[in-house]
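Visitor: Make a model of this:
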Amino acid sequence: MFRLLKQIAVTGIRTEAPPAPDESLRVAGERLRAEVLRYFDGALTIRHVDAGSCNGCELEINSLNNPYYNLEGLGIRFVASPRHADMLLVTGPVSRHMETALKRTYDATPDPKLVVAVGDCGCTGGVFGESYACLGRVSNVIPVDVAVPGCPPTPRAIIQGILTAIAVKR
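Guide: The predicted model follows:
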């Protein structure tokens, strides 16, 4: 037991170490900031919709607002109402219970609207597929502009998906 405590004292807490600087993330962030300024007058607003996911993608989306990724600093913010949103960020396979809510959210979003499907479940239906309780991928219910695969995708991949959606709609 003493040996284990000594090893912990020498090693320290690794989970709280700051991540190493990432040059590609800085370049993507600057590009994203420029695109947002050009096409959305300085502020892109996103409405996140959980259509039935396991919350793995939500954890990665929440990390987009931490000081390391800092989406707010890039001019991107999450809003509570689809009426104020430019983009829908949809996670999870669409359960039958969420079909109507997802369609209403899509209809309430003003044009021109962007839709990004996040995670393997949102892109392909994932392990849930299509069944009596699940409609599968997001594109089975509403049109999708960009799909970000991964289970869950990294925050960098989500940022790249947002950037790709902006580039698709210009």
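Visitor: going forward, measure contacts and count neighbours with C-alpha atoms only.
Guide: Fine.
Visitor: Count the neighbours of the residue nearest to residue 135 when sequence neighbours are not counted for me.
Guide: Leaving aside its sequence neighbours, residue 135 sits nearest to residue 94 (CA to CA, 6 or more residues apart in numbering; 5.4 Å). Other residues near residue 94 come to 30 when the count uses other CA atoms under 10 Å.
Visitor: Next, work out how far apart residue 94 and residue 71 are.
Guide: 26 Å (CA to CA, to the nearest Å).
Visitor: quick one: residue 30 is in a strand?
Guide: No: under DSSP: H, G, I helix; E, B strand; the rest coil, residue 30 sits outside any strand and is assigned helix.
Visitor: begin at 827 from here
Guide: All set: I'll call the first residue 827, so the last point we hit is now residue 856.
Visitor: After the worst-scoring helix or strand of the chain on mean pLDDT, heading C-terminal, what element do we hit next?
Guide: Lowest by mean pLDDT, DSSP states H and E among the helices and strands of the chain is helix 849-865, with a mean of 68. Per DSSP states H and E, the first helix or strand lying C-terminal to helix 849-865 is strand 870-876.
Visitor: Show me the helices in the protein, by range?
Guide: 828-837, 849-865, 882-889, 925-934, 945-950, 981-995 (DSSP state H).
Visitor: Of the ones you listed, which is nearest residue 875?
Guide: helix 925-934 (7.5 Å; CA to CA).
Visitor: Can you tell me what sits against the closest one?
Guide: 875, 877, 908, 909, 914, 967, 968 (CA atoms under 8 Å, 6 or more residues apart in numbering).
Visitor: And for stretch 874-887?
Guide: By CA under 8 Å, 6+ apart, stretch 874-887 touches 904, 914-921, 924-925, 928, 944-945, 947, 977-981, 984.
Visitor: Mind listing what's buried along that stretch?
Guide: 874, 875, 876, 877, 878, 879, 883, 884, 886, 887 (16 or more other CA atoms under 10 Å).
Visitor: returning to that earlier point: pick out the most distant pair among the contacts of helix 925-934.
Guide: Top of the distance list for the contacts of helix 925-934 (CA to CA): 909 and 967, 19.2 Å.
Visitor: still on that earlier bit, any idea how far residue 872 is from the residue nearest to residue 961?
Guide: Taken as CA to CA, the span from residue 920 to residue 872 is 19 Å.
Visitor: Over to residue 966?
Guide: Residue 966 is 21 Å from residue 872, where distance means CA to CA.
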